[in-house]
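> kindly generate the corresponding structure for this input.
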Amino acid sequence: MRSKVIAVQEGLHDVAKLLREKGYNITTIDMANEAIDVIIYSNENNDYLAHNTTGVIDLVSYNQFTNMINLDEVGLDNIITAIEQLE
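Numbers count the residues shown, from 1 in each chain. Next comes the predicted model:
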């Protein structure tokens, strides 16, 4: 079974570090060159705006129906559980 590919919003460094330590393949939405299994984002994190001034996220067709998890809703302590529940 391949490791899940998780796109983490820019600026969510604690989440990216935790997921890497757990063996997940981490990328960003913009840098993904394969299908993304989950997108982790935060409404309270504005770092992505520095890279994306249009507010539009351009996803390739194979990532248009990807599961998304709002970190603000689940919290860092529960992010692994939330990802595992999507299986």
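> pLDDT score assigned to residue 80?
pLDDT, residue 80: 95.
> do the same with residue 67
So residue 67 comes in at 90 (pLDDT).
> also the one 5 residues further on?
Residue 72 is assigned 94 on the pLDDT scale.
> from the chain's centre, how far out does the helix ranked longest in the chain sit?
What stands out as the longest helix in the chain, according to DSSP state H, is helix 13-21. Offset of helix 13-21 from its chain centre (CA atoms, centre = their mean, to the nearest Å): 11 Å.
> do stretch 65-77 as well
Using CA atoms, centre = their mean, the offset of stretch 65-77 from its chain centre is 8 Å.
> contacting residues around it?
7, 12, 14-15, 18, 35-45, 59, 79, 81-83, 86 (CB atoms under 8 Å, 6 or more residues apart in numbering). In this view, the C-beta of every residue, glycine as well, is placed from N, C-alpha and C.
> do that again at 10 Å, thanks
Here stretch 65-77 makes contact (CB atoms under 10 Å, 6 or more residues apart in numbering) with 4-9, 12, 14-15, 18, 29, 32, 35-45, 59, 78-83, 85-86.
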